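Student: After the sequence you'll find the predicted model.
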Amino acid sequence: MVFPGTWSDRDCGWVVDQVLGEDLRYLWHKDPDLKGCDCVILPGGFSYGDHLRTGAIARFSPIMSSVVDFAEGGGLVWGICNGFQVLCEAGLLPGALIRNDSTEFRCEWTHLVAERDDLPFTHVLERHEVLRIPISHGEGAYFADPTTLSRIEQNGQVVFRYCDERGMVVPAANPNGSVHAIAGITNRRGNVLGMMPHPERCSEEELGGVDGLKLFGSVVHSGLQVLTA
Amino acid sequence: MTRLAKVIVTPKPVVNDPQGLTVKQGLRQLGFDEVADVRVGKYIEVRLSAETPEAARRRVKEMCVKLLANHVIEDFRFDVEEDGSG
């Protein structure tokens, strides 16, 4: 998915078609439909210049009503960084992303512990597997009110938490002040994933890591399972 | 009649406001020792046509709920006055 100001679309696209050899379509924000895609990725960037709030204007793009319908029908929707912010603004995921507690833009490697190994995005992972994936954002602190927070915790909707390299969730490993160290969440049904870290930036050895490829590979495998079922 | 809505959007009290904290520290460094707290929000002016002040307020509230503020993290308040600029 490409909005004006999206910047990680080519990086995500590269992983899909060059690294994995899968069929890739770029969706422009004015396109009338999703061109038959099995999974829609909302990549990182500064859609609409982050005007008003991050993700606030992208939510009103013509294509977003198709994305909402697709998600409500069980289609796979994956928001990364700015895409996560858009999905929260669109109401497809609970909560919001606010300014990092440091007030600084953070571009660095982080470790994530995976709390779900049963989603289309994560089923190739081991339970509590630790992934090394970089972040790159100024407004990535996850926030939800206490009621919402306890609901998503009880439902197991937290997919990734910031942790140290041994998988321990400690304050020093939280790069932005996210509540409960949340780095990624899913909806109740498990077909919509939002995450601040950038798996597309660590999907080839020459980029310094390949943990991100596990998530892309997981989506592809889940698609194959559907086709062969 | 053209009316002017002055909308103020602020981070909810429960939401961490690192911008406000940074500004507070800056003010303290400048010698404003009396500063207890700073919250940074947004000020938005909307010019709209509406027959009555009530109609304008109803529409502006809708704008706040649907776009101008995110209810998860922000509160809003506004005043509506006759637009003197035209």
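Tutor: Thanks, I have the structure now.

Student: contacts and neighbour counts: CA atoms only from here.
Tutor: Noted.

Student: Give me the secondary structure label for residue 40.
Tutor: Looking at chain A here, since you left the chain open. On the three-state scheme (DSSP: H, G, I helix; E, B strand; the rest coil), residue A:40 is labelled strand.

Student: um, chain B though
Tutor: Under the three-state scheme (three-state DSSP), residue B:40 adopts coil.

Student: need the contact list for the residue of chain A found nearest chain B.
Tutor: Of all residues in chain A, residue A:101 sits closest to chain B, at 5.4 Å by Cα to the nearest Cα. The contact partners of residue A:101, taken as Cα atoms under 8 Å, 6 or more residues apart in numbering or on different chains, are A:141, A:176-177, B:16-18.

Student: ok, it to residue A:212 distance?
Tutor: 25 Å (Cα to Cα, to the nearest Å).

Student: So which bits of chain B are right by chain A?
Tutor: With the criterion set to Cα under 8 Å from any Cα of the partner chain, chain B comes near chain A through B:15-19, B:67-68, B:70, B:72-73.

Student: State the pLDDT value of residue 8.
Tutor: Assuming you mean chain A. Confidence at residue A:8, expressed as pLDDT, is 95.

Student: hmm, I had chain B in mind actually
Tutor: Residue B:8 is given a pLDDT of 98.

Student: my hunch is that it is in a helix, does that hold up?
Tutor: No. Counting by three-state DSSP, residue B:8 is not found in a helix; it is strand.

Student: partners of it in the sheet?
Tutor: residue B:43, residue B:77 (DSSP bridges).

Student: now residue A:114
Tutor: The partner residues for residue A:114, given DSSP bridges, come to residue A:160.

Student: what about it, how many residues close to it?
Tutor: A count of neighbours around residue A:114, defined by other Cα atoms under 10 Å in any protein chain shown, yields 23.

Student: check contacts around it.
Tutor: A:125-131, A:159-161 are the contacts of residue A:114 under Cα under 8 Å, 6+ apart.

Student: now the strands for the chain?
Tutor: Went with chain A since none was named. A:39-42, A:76-80, A:96-98, A:106-114, A:130-137, A:141-143, A:158-163, A:182-186, A:192-195 (DSSP state E).

Student: wrong chain, I was asking about chain B
Tutor: Under DSSP E, chain B gives strands at B:2-11, B:42-49, B:74-82.

Student: which of the ones you listed is buried the deepest?
Tutor: strand B:2-11 (a mean of 20; mean count of other Cα atoms under 10 Å in any protein chain shown).

Student: what angle sits between that strand and strand B:42-49?
Tutor: Here the directions of strand B:2-11 and strand B:42-49 differ by 160 degrees (axes from the mean of the first three to the mean of the last three Cα atoms, to 10 degrees).

Student: Need the residues that contact strand B:2-11.
Tutor: So strand B:2-11 is contacted by B:17, B:39-50, B:56, B:60, B:68-69, B:73-83 (Cα under 8 Å, 6+ apart).

Student: and the residue of chain B nearest chain A?
Tutor: For chain B, Cα to the nearest Cα, closest residue to chain A: residue B:18, 5.4 Å.

Student: That residue touches residue A:138, doesn't it?
Tutor: No. Because the distance of 11.5 Å does not satisfy Cα atoms under 8 Å, residue B:18 is recorded as not touching residue A:138.

Student: list residues touching both of the two?
Tutor: By Cα under 8 Å, 6+ apart, the residues touching both residue B:18 and residue A:138 are A:99-100, A:103.

Student: Can you convert those into a markdown table and add a column each for neighbour count and pLDDT?
Tutor: Supplementary listing: those in a markdown table, determined by neighbours: other Cα atoms under 10 Å in any protein chain shown; pLDDT from 0 to 100:
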| residue | neighbour count | pLDDT |
| --- | --- | --- |
| A:99 | 23 | 94 |
| A:100 | 23 | 96 |
| A:103 | 16 | 90 |
